[in-house]
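Trainee: turn this into a model:
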Amino acid sequence: MGKVSTFSPEQQADNTSSKVVAALERLSEAFRVLLWQEATQYGLSPIQIQVLTYLLHYPEEKRTVTSLASYFNMTKATISDAVKSLEQKKYIVRKASLTDTRSHSLQLVKEGKALAKKVERFAQPLQDSVDLVPAKEQGALLEQLMQLIYQLNQEEVTSTQHMCFNCQFYTQKKGHYCGLHKTSMKPNDLRVDCQDFELRLEEA
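Mentor: Reported below is the predicted structural model:
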């Protein structure tokens, strides 16, 4: 007899890990619903909202189609289509690299920046819900979620994330430790996306 499906209520009744997976799926669904609602309101696609939000917060050297594709675990072709549409809507422009004429960074124009600041609020209901969780429990939850993400990175289900567990500066010395800043970290201090990230050498 084959393995019972994770999504079977019968399987979930006596299997905590299946219930966790089902709960994560429900949260993922909530994220998609909020994203679609925002996209519909502004005549955009969900990925176009994610691209606008990304371009609003990341430095110029990371505002490329390649970086976007890696960050969102999508093909360059899919990202290129979203970028082309945003260009046609006059929300972004391409800026040629001074050192490589084949490379371009993506820039938000004034209207694009204003729109990005509006649409990035789509996740606020989720933020509000997490804010209700006590700080110590938030840290524990963050630590557990990052461990799940790290495991999926290791299994190459998703691309390597720029988070502590994948970073060469990160070690576990009676807890979490950052070698770059030479400081111990509590679970709440862990970063999902760190600007100082450097990929661990054996994984590079």
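Trainee: mind listing what's buried along the helix ranked longest in the chain?
Mentor: Of all the segments of type helix in the chain, defined by DSSP state H, the longest one is helix 16-42. Residues of helix 16-42 classed as buried: 18, 22, 34-35, 38-39 (neighbour count, 16 or more other CB atoms under 10 Å). Glycine gets a C-beta too; all of them are placed from N, C-alpha and C.
Trainee: okay, how far is it across stretch 167-183, tip to tip?
Mentor: 15 Å (CA to CA, to the nearest Å).
Trainee: got the buried residues for that stretch?
Mentor: 167, 169-170, 176-178.
Trainee: now, those that are in strands?
Mentor: 170, 176-178 (DSSP state E).
Trainee: closest to Gln124 out of these?
Mentor: Gln124 has its nearest neighbour among those in His176, at 28.5 Å by CB to CB.
Trainee: phi and psi next, for the nearest residue to the closest one once chain neighbours are set aside.
Mentor: Using CB to CB, 6 or more residues apart in numbering and skipping residues adjacent in sequence, the residue nearest His176 is Met185, 4.1 Å away. Here is the backbone geometry of Met185 (degrees, to the nearest 10): phi -130, psi 140.
Trainee: could you report the neighbour count for Met185?
Mentor: Using other CB atoms under 10 Å, Met185 has 16 other residues around it.
Trainee: is it true that it touches Lys173?
Mentor: No: counting by CB atoms under 8 Å, Lys173 is not a contact partner of Met185; they are 10.3 Å apart.
Trainee: what is the longest helix of the chain packed up against?
Mentor: Secondary-structure packing of helix 16-42 (3 or more CB pairs under 8 Å, 6 or more residues apart in numbering; DSSP states H and E): helix 9-13, helix 46-57, helix 110-119, helix 124-131.
Trainee: and that helix with helix 124-131, angle?
Mentor: Interaxial angle of helix 16-42 relative to helix 124-131 (axes from the mean of the first three to the mean of the last three CA atoms, to 10 degrees): 140 degrees.
Trainee: how much space between the closest residue to Glu61 other than its chain neighbours and Leu55?
Mentor: Leaving aside its sequence neighbours, Glu61 sits nearest to Ser105 (CB to CB, 6+ apart; 7.2 Å). Taking CB to CB, to the nearest Å as the measure, Ser105 falls 9 Å from Leu55.
Trainee: now Thr160
Mentor: Relative to Leu55, and taking CB to CB, Thr160 is found at 21 Å.
Trainee: counting neighbours, go ahead and name the busier of the two.
Mentor: Just comparing Thr160 and Leu55: by other CB under 10 Å the higher neighbour count belongs to Leu55, 23 against 18.
Trainee: so that one touches Lys117, yeah?
Mentor: No: assessed by CB under 8 Å, Leu55 is found out of contact with Lys117, at 11.4 Å.
Trainee: quickly list the domain ranges of this structure.
Mentor: Under the assignment automatic domain parsing, the domains of the chain span 32-124, 133-203.
Trainee: looking at the last one now, give me its mean pLDDT.
Mentor: For domain 133-203, mean pLDDT is 91.
Trainee: now stretch 79-90
Mentor: 96.
Trainee: what's that stretch in contact with?
Mentor: The contact list for stretch 79-90 (CB atoms under 8 Å, 6 or more residues apart in numbering) reads 45, 47-48, 51-52, 65, 68-69, 72, 92-94, 106, 109, 111-112.
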